[in-house]
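**Q** Just the structure for this:
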Amino acid sequence: MKIINTVREMQNHSDFSRMRERSIALVPTMGFLHEGHLSLMKDGKKRANEVVVSIFVNPTQFGPGEDFTSYPRNLDRDLALCQDAGADVVFTPKDTELYQSAYQTYINLTKLPNHLCGISRPTHFKGVATVVSKLFNIVKPHIAIFGQKDYQQLLVIRQMVCDLNFDIEIIGAPIVREADGLAMSSRNTYLTPEQRKQALCLYNSLNKAQELVNSGVIETAKIIDAAKDIISSQPEAMIDYIRICDPDTLEDVQILDKPVRMVLAVKIGKTRLIDNMMLTIESLNKL
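**A** Next up is the predicted model:
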């Protein structure tokens, strides 16, 4: 496994791989890897000749007062996990390598960021779109793989790739969960043992939503109210948002007449967690 720290070396490596007609899969991460990240790498191994993993805690996607400085980091452990998962290259640039002192160019989407996480984190997706576009230009992948846990991020990246004509296939990989259902996240390490138990309210509320749909409930307000009851029963839980929305536009849906995406963000203590699930109506699946 090759470890690359500079933009120039990464571009040269990718140029040489492409010259040899070797396909490249990119797995962008902020490090502190878990099984969810490793599943993306393994998927990449099936789809391309080379898997490049980027490890970069991107400062531009953190707002004031967020956890940029405290975000968990353990590069040595991450490199060992990448090697075990079969990564071919790990790209680990420093902040100053991607954002030099005179840096002033950012990418803004006009619609998708105006929903969900973009409301409480108004600069977040500007930072996400900017750093991912930079990684695409540096790594020059044929495909890039993102987890569906960050569902809004996945849509933002797909829209950016379409709008800016990137010749890259974007893969959305299924959410990887702990044995009890909690979506894997690097931020789970912030949770105390008691908070870890409370955090299951996110997954439980999603499952309850699908149960209600299966029983014939199609009014999204009723489904959201049931989710609020489950989450609010936990002493340290504070809801940021619960939405049931169109899976492509993220616009709110009032009545279920097609598959929709239920998405939620909840703080357990000081730790902000997100999760989502597609809600489907059984009768629609038979059409």
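**Q** looking at it, residue 115 is touching residue 152, isn't it?
**A** Yes: the pair residue 115 / residue 152 is scored as a contact, 6.9 Å apart, by Cβ atoms under 8 Å. Just so you know, the C-beta spots here come from the backbone N, C-alpha and C atoms, and that holds for glycine as well.
**Q** okay, those two: which has more neighbours?
**A** residue 152 (23 against 20; other Cβ atoms under 10 Å).
**Q** before we move on, back to that, between residue 115 and residue 152, what contacts are shared?
**A** By Cβ atoms under 8 Å, 6 or more residues apart in numbering, residue 115 and residue 152 have these common neighbours: residue 250.
**Q** Over to residue 278. Which of the three states is it?
**A** Here residue 278 is strand, with the state taken from DSSP: H, G, I helix; E, B strand; the rest coil.
**Q** same for the strand or helix carrying residue 132, what does it pack against?
**A** Element membership for residue 132 (DSSP states H and E) is helix 124-139. Applying 3 or more Cβ pairs under 8 Å, 6 or more residues apart in numbering; DSSP states H and E, one finds that helix 124-139 contacts helix 7-19, strand 24-29, strand 50-55, strand 89-91, helix 117-120, helix 151-163.
**Q** how many degrees apart are the helix or strand following the second one and strand 24-29 in direction?
**A** Using DSSP H and E, the next helix or strand after strand 24-29 towards the C-terminus is helix 35-47. Here helix 35-47 runs at an angle of 170 degrees relative to strand 24-29 (axes from the mean of the first three to the mean of the last three Cα atoms, to 10 degrees).
**Q** Can you pull out the low-pLDDT segments for the stretch 101-250 of the chain?
**A** For the stretch 101-250 of the chain, no stretch has pLDDT under 70.
**Q** would you list every one of the helices in it?
**A** Under the criterion DSSP state H, counting those that start in this stretch, the stretch 101-250 of the chain contains helices at 117-120, 124-139, 151-163, 193-198, 200-214, 220-232.
**Q** okay, those, which one's buried deepest?
**A** Across the helices of the stretch 101-250 of the chain, the average number of neighbours (mean count of other Cβ atoms under 10 Å) peaks for helix 124-139, which reaches a mean of 22.
**Q** Residues in contact with that one: which ones?
**A** 7, 10-11, 14, 24, 26, 28, 52, 54, 56, 58-63, 91, 98, 105-109, 112-113, 117-118, 144, 152-153, 156-157, 160-161, 164, 166, 168.
**Q** by how many degrees do that helix and strand 24-29 diverge?
**A** Using the same axes, to 10 degrees: helix 124-139 against strand 24-29 is 150 degrees.
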